[in-house]
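Q: Model the structure of this input:
(2 chains)
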There are 2 protein chains.
Amino acid sequence: VTFRYGFRFLVASAFVLVAPTLLAQVQTALMPLPAKLEMTSPPQLLRLGPTFSAAITGPGAVDPRVRPAVLRALHRLSRQTGVFVAEKVSDGAEQVTLLVTVEKSDHAAPQQLGDNERYSLVVTSSQARLVAEAPLGVLRGLETFLQLVQVGTGGIGLPAVSIQDGPRFPWRGLSLDVSRHFIPLEDVKRTINGMAAVKLNVFHWHLSDDQGFRIESMKFPKLQELGSDGLYYTQAQVRDVIEYAYMHGIRVVPEFDMPGHATSWFVGYPELASAPGPYSVIRQFGVFTAAMDPTKESTYQFLDVLIGEMAGLFPDAYFHVGGDEVDPKQWMANAEIQAFMKKHSIANEEALQAYFNQRLQKIVAGHGKHMEGWDEVLQPGIPTDVVIQSWRGQKSLAEAAQKGYEGLLSNGYYLDLMFPASAHYVVDPLKGETAALTPEQQKRILGGEGAMWQELATPENLDVKLWPRLAVIAERLWSPEAVIDVASMYQRSEVISRWLEFQGLGHRTIPRRMRERLASSLMAEGSAAALDTFAEVLEPVKEYTRADSVGGYTQSTPLNRLVDSIPPESDDARRFRELVDHYLANRQANRADLDAINEQLLRWANNIPKVMPVLTSNALLKETVPVANNLQQIINSGLEALDDLKSGKAATPDWVHSQIAMLEAAAKQKAEVLIQIEPGVRKLVEAAGQAKK
Amino acid sequence: VTFRYGFRFLVASAFVLVAPTLLAQVQTALMPLPAKLEMTSPPQLLRLGPTFSAAITGPGAVDPRVRPAVLRALHRLSRQTGVFVAEKVSDGAEQVTLLVTVEKSDHAAPQQLGDNERYSLVVTSSQARLVAEAPLGVLRGLETFLQLVQVGTGGIGLPAVSIQDGPRFPWRGLSLDVSRHFIPLEDVKRTINGMAAVKLNVFHWHLSDDQGFRIESMKFPKLQELGSDGLYYTQAQVRDVIEYAYMHGIRVVPEFDMPGHATSWFVGYPELASAPGPYSVIRQFGVFTAAMDPTKESTYQFLDVLIGEMAGLFPDAYFHVGGDEVDPKQWMANAEIQAFMKKHSIANEEALQAYFNQRLQKIVAGHGKHMEGWDEVLQPGIPTDVVIQSWRGQKSLAEAAQKGYEGLLSNGYYLDLMFPASAHYVVDPLKGETAALTPEQQKRILGGEGAMWQELATPENLDVKLWPRLAVIAERLWSPEAVIDVASMYQRSEVISRWLEFQGLGHRTIPRRMRERLASSLMAEGSAAALDTFAEVLEPVKEYTRADSVGGYTQSTPLNRLVDSIPPESDDARRFRELVDHYLANRQANRADLDAINEQLLRWANNIPKVMPVLTSNALLKETVPVANNLQQIINSGLEALDDLKSGKAATPDWVHSQIAMLEAAAKQKAEVLIQIEPGVRKLVEAAGQAKK
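A: So this is what the prediction gives:
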């Protein structure tokens, strides 16, 4: 890619730049942005070399998380810079390059909601001092330290800064569905690495759903034996993940979705359901009718044993019971259930779920946990001890907070919808209806969770669907409310996206490998590069249109087509649209943009003859030939508009109308992808119609 | 890369080609080549579509390895082609796309040396029939089946063929050192996947050395606790790997290297050594002096317990005790050992090691295993039950075979030497001194093992050092002796290299990511691509010159420089040299090659100004600036030679001499890399001196 608009000033070797730009440079490399950052003046550099050393001091140094976290950071520093960094820390030595101080001893395990995460990081030309009140702050501050380090022309080092930092919300998570497509242990751990790198602190593990029960139960082994196709975590593996997450400063909250979304349970235990079986694991996606029978005492006896077992396994104080999207059909069709409702004056199926949740809450509380659930669990009679995770939005959260419930936001943070980072970035748990809450009520808004539902994601393309967009959500939940500049966010997310990849995530590398696989039928050099260039302008279709349009997706459908190999958001297409906007904002002053636009369009146009043999070489790619044809039309339209804009004569209304009609048709999804430079081209065409500069 | 010489005829969509080239096309996609392959005439295609089905028949279908292997193959087929392939097999149904027949029931676990691996694969336009006498043949045949499948213009399918196949040697392995750099479990499993894909059948696990003891002992826990920095496999993990390997048709042979190469043991158990401790884990590389004390009974008591524990863990019939490179210094300096030798008439230190090995062999045999060791264990008095792994070569093997010992070859297969694939390909266990053995003696040559020593390899760059060269060694050990065409090997290895990557290996992707990390200091688009193009002409220095030249390598040295990110062999440089050879073979007829040579040199030359800012942007890359300067000189020299060759007038002897002197200097390693187009350019310069066509 030779397209550079909006990119040049991102040169990351901050310390060779002059003072005025230095602050912007430093911020470039940080995500989430810290609460407070100051530069020393004049700018100084802490150089890193073979004499690098580290020490830990303070009463909190004995916490089991601190030393391993520092050692991991040294290992990553070494890998990132090539500087030989001895992976050892001394105790209490002051004359070291990195001095970590933990002021309070805090042996509390498990990690609790609200545990102190604050830190300060002061870098001078001779030392970096990371001071945290409690152990978690060390983990957060080390990520900031690593993000600051640059390998530049002048050497390797980090700029002198003074940072005071702490999170805005105490609950910052990722909800990961491992039911619809199983995610193996190493991919879970890799995801936890990424979460820690952007200061998230809750891994919400959606362990069961209609399509799979993914955790071993000793008490009810048919849950995993019959409900998972053998793809589940053993309890030893779960303990491994919990320990791993703890060491990374992350809580693990398990979710067992009930009474709906539970078909996989019924394969082994059909007696739990509200209609006779047999049941089999669901292979399709959607909302299904099977639901637990809330009227049988045996249901609660079962749940008491299972929740008891799982409450013993998961140390976190919160226990998620799902509760979403219950289809009442089975309840309505079951005469015994209807009789029960009549007998107990339960007015309707919603009230029946309320009854279920009241019973469930007692069981969960009986095992020492706070119950958490989706919006639907918030029904009359539920104690305010329950935490609401909202897929419905701020209104739902605000109503809950007014009634005394704590809650967190996931609406607006659904990563499976394929929305751009900016769409998530503008969503704030305390904007909208929650903004009107009293300060006391606002405190009940604990934060939020990105949510990744796995209908169309596999271990192979999980990373590209999570990153870097999850880092952007992490910033929303960590950084001050005033941090809202979208342009700054995109600049930094491009840097952080690379940095995250170098930490071991695969969101940039793996999709490229998928495209190389697609292009390999034509055993010609350059095939994969041509496909990469073609893919630059594309994004997957948005929301849930993809599964709907094809309809045939199941758990076994291979996700290996072009649409599966491209990021949810195209940086190149976004930059193209930004360039068009920049030109249109001041056509006279920014005439030079026309050349850049022209160059970029020609680059994509010149690639079409190169990519066409690739697209026709492979049965998987053939569906994208019409996309290439549409792209050609869109580019042609843009080039013609550029001619008019350069010459200054207005295009005819007829031409504009015909072009707009063509663009509308060409912008429609084909092969489940969208050509995302079309909105920019459309603006050019419209502008050409009103030409004369 | 736009360079296409020798590449066009590799178009992989075999079935759209005409008959005469079809056989070559099919072979293109296979490695190792099968013993016998015939095409149907006229060529036909078995199409794969959504109706694809598979079944297993025969008495051997009950073997625990067969059904999972077929299911894995279906999963990979699905991923490879995008065809929805139901991952299920029926029993005995004949009307299926892939019918697998296992003629004999063979429940024998563990897998034994010599277990039947033969299979036949007959593909017609309506069905693929894979028939194996025993379960292992199914696993081997499935890999051939998958290699044959192509996604092409005509659709997805495989050509009709008839293959009869079986291995030339029964022992085809990889020896992997996990001591010098620990290799985590998932990387071991990934390596096993790759081994299975090219029909290797022995994973030789070099578990201990001076730099680390990498496996948990319950009997002597200080071995791993003090000898591994915490980087070791638990016994549960080892059992997991053994089971995983078994399911992939691979034996696991553990190696515990002794009496030398054992410093890591002595950290926890200094009493085993021949000189008083304390000892610490060795961080440097080389041969060290610490050795077990072969004169103490307590040494043998210890080994009896440890080997007993490990013999129970590893089910394979062979147990490797190392035995290589014992430095006699400690023995010579220890008065008690010297006294013991005198008392027992042990003439010298070599005889003392022979004594040790005799005792050791009894212990190993006492636990029901055959002892295996490196050349040095072959000493007077050792029973012929012992198997020799030869790092010394065919002469050593031939001598052993004459004495009745079985052996396998590793000399010539050391992958850490960074030799080209062709260097390994020409090495044959039955050529050289072994060729003169009687047929009966030749049967004692069991095969060979690629050997990967881990001084300079990490989990990150392991794959690029193994693949695709290990596939080439696998072909040498599997395919008929007559399969020796180097050009064919390279053509096929380029295809197989991609295929292996799509099976999940990272030898192509990960180095590119490493270079992207190196190039990321300059936050400019195109940086990584420029570095990739620069790297095309480079290879790491050969043999052990790298560690020697710097001297400072230790276990903790980051391996993240350019030299660590490039493959041992450059395909582009090799093709350039082949192109020069092609021209020089018939300068008159092949004049058109001069244009191709010119184009290629200009491409690399034009990249130098692009890559230079990248090289100077990063402290890790700066060392390669002289490489770029040398490359520029080499290319200039080549371009001048081309001018002379085109014009037909001979260059002056002075010019030739000065150019050769310059080339010699420029070809010297800088930054531990070599510019591998230099030999081709030198030939052009020499030819220019004798010009006149």
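Q: Near chain B, which residues of the stretch 351-500 of chain A are found?
A: Residues of the stretch 351-500 of chain A lying close to chain B (C-beta under 8 Å from any C-beta of the partner chain) are A:Val495, A:Arg498. Glycine gets a C-beta too; all of them are placed from N, C-alpha and C.
Q: for the stretch 351-500 of chain A, what are the low-confidence residue spans?
A: The stretch 351-500 of chain A contains no residues with pLDDT under 70.
Q: Disregarding flanking residues, what is the spatial nearest neighbour of the single nearest residue of it relative to chain B?
A: Here the stretch 351-500 of chain A gets closest to chain B at one residue, A:Arg498, 5.2 Å apart by C-beta to the nearest C-beta. Using C-beta to C-beta, 6 or more residues apart in numbering or on different chains and skipping residues adjacent in sequence, the residue nearest A:Arg498 is B:Ser520, 5.2 Å away.
Q: cool, A:Asp293 as well?
A: Excluding the flanking residues, the one nearest A:Asp293 by C-beta to C-beta, 6+ apart is A:Ser274, at 4.4 Å.
Q: Help me confirm that the one you found comes into contact with A:Thr299.
A: No - look at A:Ser274 against A:Thr299 with C-beta atoms under 8 Å: they stay out of range, at 9.4 Å.
Q: Need the overlap of contacts for the two.
A: A:Met292, A:Asp293 (C-beta atoms under 8 Å, 6 or more residues apart in numbering or on different chains).
Q: can you tell if whichever helix or strand A:Gly157 is part of touches chain B?
A: In this assignment (DSSP states H and E), A:Gly157 forms part of strand A:155-159. Yes - using C-beta under 8 Å from any C-beta, strand A:155-159 reaches chain B at A:Gly155, A:Ile156.
Q: Walk me through which strands that strand pairs with, and which way each runs.
A: Paired strands of strand A:155-159, with direction, are strand A:45-47 (antiparallel), strand A:150-152 (antiparallel) (DSSP bridges).
Q: Which element is encountered next along the chain beyond that strand?
A: Taking DSSP H and E, what comes next after strand A:155-159 is strand A:161-165.
Q: Determine the set of other helices and strands touching that following strand.
A: Contact here means 3 or more C-beta pairs under 8 Å, 6 or more residues apart in numbering or on different chains; DSSP states H and E; on that basis strand A:161-165 packs against strand A:36-39, strand A:119-123, helix A:135-148.
Q: Can I get these in JSON lines including mean neighbour count?
A: Output for those, formatted as JSON lines (neighbours: other C-beta atoms under 10 Å in any protein chain shown):
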{"stretch": "strand A:36-39", "mean neighbour count": "15"}
{"stretch": "strand A:119-123", "mean neighbour count": "23"}
{"stretch": "helix A:135-148", "mean neighbour count": "25"}
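Q: With mean pLDDT and distance to chain B as added columns, please give the ones you listed in TSV.
A: As requested, those are exported to TSV (pLDDT from 0 to 100; distance: least, C-beta to the nearest C-beta, whole Å):
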stretch	mean pLDDT	distance to chain B
strand A:36-39	88	20
strand A:119-123	97	19
helix A:135-148	97	13
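Q: Now render those as JSON lines, adding distance to A:Val178.
A: JSON lines is the format used below for these (distance: least, C-beta to C-beta, whole Å):
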{"stretch": "strand A:36-39", "distance to A:Val178": "37"}
{"stretch": "strand A:119-123", "distance to A:Val178": "32"}
{"stretch": "helix A:135-148", "distance to A:Val178": "25"}
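Q: closest one to B:Gln111 among the ones you listed?
A: helix A:135-148 (45.5 Å; C-beta to C-beta).
Q: Give me the helices and strands touching the closest one, please.
A: Using 3+ C-beta pairs under 8 Å, 6+ apart, helix A:135-148 sits against helix A:66-81, strand A:98-102, strand A:119-123, strand A:128-132, strand A:155-159, strand A:161-165, helix A:185-197.
Q: what's the angle between that helix and strand A:161-165?
A: 140 degrees (axes from the mean of the first three to the mean of the last three C-alpha atoms, to 10 degrees).
Q: How much space separates A:Leu631 from chain B?
A: Taking C-beta to the nearest C-beta, to the nearest Å as the criterion, A:Leu631 is separated from chain B by 20 Å.
Q: how many neighbours does A:Gly92 have?
A: 12 (other C-beta atoms under 10 Å in any protein chain shown).
Q: let me fix that: A:Ala423
A: A:Ala423: 17 surrounding residues under other C-beta under 10 Å.
Q: Specify the local secondary structure of the residue nearest the centre of chain A.
A: Centroid check for chain A by C-alpha atoms, centre = their mean gives A:Leu470 as the closest residue, at 2.8 Å. Following DSSP: H, G, I helix; E, B strand; the rest coil, the label given to A:Leu470 is helix.
Q: Test my guess that it contacts A:Val198.
A: Yes - at 7.0 Å, A:Leu470 and A:Val198 qualify as touching, with contact defined as C-beta under 8 Å.
Q: anything in contact with each of the two?
A: Counting by C-beta under 8 Å, 6+ apart, nothing touches both A:Leu470 and A:Val198.
Q: still on that earlier bit, in the sheet, which residues pair with the residue nearest to the residue nearest to the centre of chain A when sequence neighbours are not counted? Tell me.
A: Using C-beta to C-beta, 6+ apart and skipping residues adjacent in sequence, the residue nearest A:Leu470 is A:Gly450, 5.0 Å away. Assessed by DSSP bridges, A:Gly450 has beta-bridge partners A:Leu174.
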